[in-house]
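Novice: need a structure here:
(2 chains)
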Amino acid sequence: MSRTRELIAALRRDLGEADPAPPAIHVERVPDPPVRVFPSRRERSRLAGEASAHTTALVGIGRVGTRYATSVVLQFQAELAVAHAAVGQVLPDGWAEEQGLIGLSSQVRDHREFLLRPDLGRRLDEASVARLAEDDVPKGVDVQPILADGLSAVACMGSGVELLEAFSEACRARGLTVGAPLCARFARVWLQDPIGAAVGAKVAAILLGERPGLGTGDGLSAYLVFDPKPGNTDGDRNMMSNIHHRGTPPAEAAPRLADLAAAMIAQGRSGVDLDLSGVAGVESGLRPPQVRLPLVETGGDLS
Amino acid sequence: MSRILEPLLPTLLSERRIPNASEGLLTSYGADPSRHVALGLVTCDQDDSLFVALDEATKHADVDVVFARSFWAGAGVASGPLSGEILGVLASSDPAEIDEGLRAVRRCLEHDACFYGADADGATAVFPHVITSLGRYLSAEAGLQPGEPMAYLVAPPIEGTVALDAALKAADVRAVKVFAPPTETNFAGAWLAGSLPDCEAAAMAYAEMVVEVARAPRG
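Specialist: Residues are numbered from 1 along each chain as shown, chains lettered A, B, ... in the order given. Have a look, this model is predicted:
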């Protein structure tokens, strides 16, 4: 490069290089480089959207790019917090008596032991056995309802009493004798066997908080067994789950449970042997689609 | 041509050697038969570029520029396809020196000396050349010492005249030779002497003013 050409190149820059400006050279539009564009709107199929309307579970929630939608994440965290709280909750001392129930307890002494020793949760302690032997506890009844904390004291304290009373009332309406309202602490499902055996009930029905999950920290389950006695297995029991106001409401669950108890007494058996044909509320087929009602309101749009 | 001050490169139209020239030819083309034996002849379509290139050859080989004349009216009305607008003749006692000189000429025309387009069409040409170090040929023509810098400025008459004024005002330079129009090729030119930075500043002011006049002829 000569000195003169260097100087001219610098002068051209000083003069604006292409001034007077020539017409712009036509250049084909260069396509945009491949960029991953993540949509801000939630993508999900119509089927998933419809399916998710039928459950409180976080299914069919779609995605935004590679992530969940923010509303879904918030809902997940809120419901997980409720589940954690429910697992950690203990039925307070004297709660049963405050509700006008007869308080019982398994052989478990504290919450940690309750979680670690399911076997102890299935046996009555001596004080409870003695309490059941007292005269104000009717014996030889048709149905012995038992409210219990189970794995969610929150559910027990929430709609437990409502379900217990509705269930007892429904049984009486079907001409069944109902035992004294009991409330067991640190109870597993099988605790219904020693209780039912102690009062000589034909059917023992334990209504207890179910294992908390997302969106179901306040759910109750009902387990019914005919001829309660230690040694019964899960095959001898019938159960109904998801009894809460966003699932099967207590008022709706009570008559169906009473029908179930009546069928057990009529057939003299329960569990897999029970003939459910003709039992009202069992054969009603598909329910109409539920509307998803979140346990915790986070303000997000989950639909 | 779409941009201003783009180089308009010269073309070396012919390049012939006469290793042992006749005495009559040597004499009539300004050579000295007692010192010169071989000749190198070149034609080019840019006379001023070749003047610079011939001077460049004297710095690289033991050659003398014995003849260099522009043709009337320039390359646009050349007398033949090889004529261009200038014939230059190098002379030496040794044909090998002629080869070396011609090599320097080619190198200079290719990489250094050239006109530049002063408007968008390239119709206006300007030669704002800075010779950083003069050879034996142009230094003698200009009355300067070999090795001195010089601004070699050429442009069409009106542009060149206005630009020469701008160049003389832009730096501490003096005009050692002014070629008022018409020259053989109907351009106007000037040789300015001074320090190298002054020569450079003057040449750039000259080029800029030529662009300015071409842009606004009735300014």
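
Novice: Centre of the chain to the longest helix seen in chain B, how far?
Specialist: Counting residues, the longest helix found in chain B (DSSP state H) is helix B:196-215. Centroid displacement of helix B:196-215 relative to its chain, using Cα atoms, centre = their mean, to the nearest Å, is 17 Å.

Novice: name the helices or strands packed onto it?
Specialist: Here helix B:196-215 is seen to pack against helix A:3-14, strand B:125-131, strand B:150-155, helix B:157-170, strand B:188-193 when contacts are counted using 3 or more Cβ pairs under 8 Å, 6 or more residues apart in numbering or on different chains; DSSP states H and E. For the C-beta atoms, the positions are set from N, CA and C on the backbone; glycine is no exception.

Novice: would you turn the ones you listed into CSV with mean neighbour count?
Specialist: What follows is these, written out as CSV (neighbours: other Cβ atoms under 10 Å in any protein chain shown):
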stretch, mean neighbour count
helix A:3-14, 17
strand B:125-131, 27
strand B:150-155, 28
helix B:157-170, 20
strand B:188-193, 23
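
Novice: Flag the shaky bits of the chain, pLDDT-wise.
Specialist: In the absence of a named chain, this looks at chain A. Applying pLDDT under 70 to chain A flags the ranges A:1, A:17-24, A:37-39, A:56, A:280-292, A:299-303.

Novice: The chain in question should be chain B.
Specialist: Short version for chain B, where the test is pLDDT under 70: B:1-2.

Novice: can you list the residues of it near chain A?
Specialist: Taking Cβ under 8 Å from any Cβ of the partner chain, the part of chain B that reaches chain A is made up of B:2-5, B:7, B:111-114, B:116, B:119-120, B:128-130, B:132, B:200, B:203-204, B:207-208, B:211, B:215.

Novice: List the residues that contact residue 106.
Specialist: As the question left the chain open, I've gone with chain A. Contacts of residue A:106 were listed using Cβ atoms under 8 Å, 6 or more residues apart in numbering or on different chains, and they are A:114, A:120-125, A:128, A:184-188, A:191.

Novice: not quite, I wanted chain B
Specialist: Taking Cβ under 8 Å, 6+ apart as the contact definition, residue B:106 lies against B:12, B:15, B:53.

Novice: Could you list the residues of the stretch 51-200 of chain A in contact with chain B?
Specialist: For the stretch 51-200 of chain A, there are no residues in contact with chain B under the definition Cβ under 8 Å from any Cβ.

Novice: Mind splitting chain A into its structural domains?
Specialist: Structural domains assigned to chain A are A:46-87, A:92-273, following automatic domain parsing.

Novice: any idea which element residue B:41 lies in?
Specialist: Taking DSSP states H and E as the criterion, residue B:41 maps to strand B:38-44.

Novice: Which neighbouring elements make contact with the helix or strand following that strand?
Specialist: Of the helices and strands lying after strand B:38-44 in sequence (DSSP H and E), the nearest is helix B:47-60. Counting by 3+ Cβ pairs under 8 Å, 6+ apart, the packing neighbours recorded for helix B:47-60 are strand B:38-44, strand B:64-70, strand B:86-92, helix B:95-111, strand B:125-131, helix B:136-142, strand B:150-155.

Novice: can you do 6 Å?
Specialist: Applying 3 or more Cβ pairs under 6 Å, 6 or more residues apart in numbering or on different chains; DSSP states H and E, one finds that helix B:47-60 contacts strand B:64-70, strand B:86-92, helix B:95-111, helix B:136-142.
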